[in-house]
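> please find the sequence and the predicted model below.
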Amino acid sequence: MDKPATIKTTIAGSLPKPSWLAKPQVLWAPWQLEGEQLAEGKRDAVRAALKMQESAGIDIVGDGEQTRTHFVHGFLQGIEGVDFSKLKRIGIRADRYEADCPTVTAPVLRRKSVHGDDVRFARANTANKLKFTLPGPMTMVDTLADDYYKDRARLAFALADLLNAEAKELAAIGADTIQFDEPAFNVYLDEVRDWGIAALERAAAGLACTTAVHICYGYGIKANDDWKKTLGGQWRQYESTFPLLSKSSIKQVSLECANSHVPIELISMLKGKDVLVGAIDVASSAVETPQQVAATLREALKYVPIEHLHGCTNCGMAPMARSVAEAKLQALAAGARLLSRELAG
Ligand code: ZN
């Protein structure tokens, strides 16, 4: 007889950095080290992040984005045509908050690998399945000042080509899953339909590994908490995007669920996809119990078959206290095990 299916676990992406590497509980905190010490510090932080996930029992692990300050600008720092000496303070995610963003001043060009060494190092330091996260084209466009393309879709497709070349290289080095982060998909619903999904598919085209997209309501920072209060009792942004994604080539969809106002039945629109259900709230330092995690996943199981359900975090954990993030990872894995055992009878 086949072994009963178990619910696998993974993380959305980022984890808190050690205090010796970057200031704790600060989003996009600058590095505390320089030069060779910084390079060594990043490697040690990746080892620690992998170990933290493995010890908790997380199945598909990532590097916790320990080598990047910012989930979009980290990739852009390796791209020509993006000028980091021309930082502009702009409103992003429909002016939800302001961020200092570099400016596109010339055609974007990727001359060499950006994260190849990061994946090589992570691959060598874990035997688990490895996921690597990249920013999605629409979210990149929305986190940039642009003096050159002057057309969001055109810039998105140009960036998608660079992401595609990078993703193919990372898969060849050993990433089992490449995930594109598209929090902007919950903001610009018309653009998602008009060109967002097409740009995402171009970024993921021809990838031999598993492909994923992460769509969320943002990190647990005040601007996002305030925005969520304006969204009403039911958050239905996914309702227009999921039918489009279900027809796309992307294999997995990571979404926010724990403590959110997302009607869980919306995930039934992702037929055939792996659904990475956020069962850990990253906007609260209250650590979930395994029973709470199991309850969230049990609810999702009404709409997604077990072999397509993964337990995940709502979003990245970068701005959280490290001890809290570690306890939440343990709860996530324990909750998934609890439910798997219960279902196996
Ligand atoms: Zn997120």
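On my side now, so go ahead.
> need the contact list for the residue of the stretch 1-150 of the chain found nearest the ion.
With CB to the ion as the measure, residue 12 is the residue of the stretch 1-150 of the chain nearest to the ion, at 5.5 Å. C-beta here means a position set from N, CA and C on the backbone, and glycine is covered the same way. Contact analysis of residue 12 by CB atoms under 8 Å, 6 or more residues apart in numbering lists 133, 214, 216, 254, 276, 278, 282, 312-317.
> now with 7 Å, please.
Neighbour list for residue 12: 214, 254, 312, 313, 314, 315, 316 [criterion: CB atoms under 7 Å, 6 or more residues apart in numbering].
> near the ion too, which of those?
For the ion, the contacts drawn from the contacts of residue 12 by CB under 5 Å from the ion are residue 315.
> and the contacts of residue 12, which is closest to the ion?
Using CB to the ion, residue 315 is the member of the contacts of residue 12 that lies nearest the ion, at 3.1 Å.
> quick check: the residue nearest to that closest one when sequence neighbours are not counted vs the ion, distance?
Residue nearest to residue 315 in three dimensions, not counting chain neighbours: residue 216, with 4.4 Å by CB to CB, 6 or more residues apart in numbering. Computed as CB to the ion, to the nearest Å, the residue 216 to the ion distance reads 3 Å.
> numbering from 878 from now on, please.
Let's use 878 as the start, then, which means that last one is residue 1093.
> hang on, residue 1093 packs against residue 1130?
No. Contact status for residue 1093 versus residue 1130: not in contact, 10.9 Å apart, counting by CB atoms under 7 Å.
> rewinding a little: quick one: residues contacting the residue nearest to residue 1192.
Residue 1093 touches 1060, 1063, 1132, 1133, 1191, 1192, counting by CB under 7 Å, 6+ apart.
> tell me the phi and psi of it?
phi -140, psi -180 (degrees, to the nearest 10).
> give me the pLDDT value at it.
Per-residue confidence (pLDDT) for residue 1093: 93.
> just give me the neighbour total for the residue nearest to residue 1039 when sequence neighbours are not counted.
Leaving out its chain neighbours, the residue that sits closest to residue 1039 by CB to CB, 6+ apart is residue 987, at 4.2 Å. Residue 987 has 19 neighbours, counted by other CB atoms under 10 Å.
> residue 924 too?
Residue 924, neighbours per other CB under 10 Å, totals 16.
> so what's the gap between stretch 1109-1121 and the chain middle?
Put simply, stretch 1109-1121 sits 18 Å off its chain's centre (CA atoms, centre = their mean, to the nearest Å).
> and that stretch, which residues are buried?
Using 16 or more other CB atoms under 10 Å as the burial criterion, the residues of stretch 1109-1121 that qualify are 1112, 1114, 1115, 1118, 1119, 1121.
> and if you look at stretch 1214-1222?
For stretch 1214-1222, by 16+ other CB under 10 Å, it's 1214, 1215, 1216, 1217.
> ok so, going back, what helix or strand is the residue of the stretch 878-1027 of the chain closest to the ion on?
According to DSSP states H and E, residue 889 maps onto no helix or strand at all.
> enumerate the residues of this structure near the ion.
Checking the chain against the ion by CB under 5 Å from the ion, the hits are 1093, 1192.
> how much space separates residue 982 from residue 959?
To residue 959, residue 982 is 8 Å away according to CB to CB, to the nearest Å.
> perfect, I'm done here.
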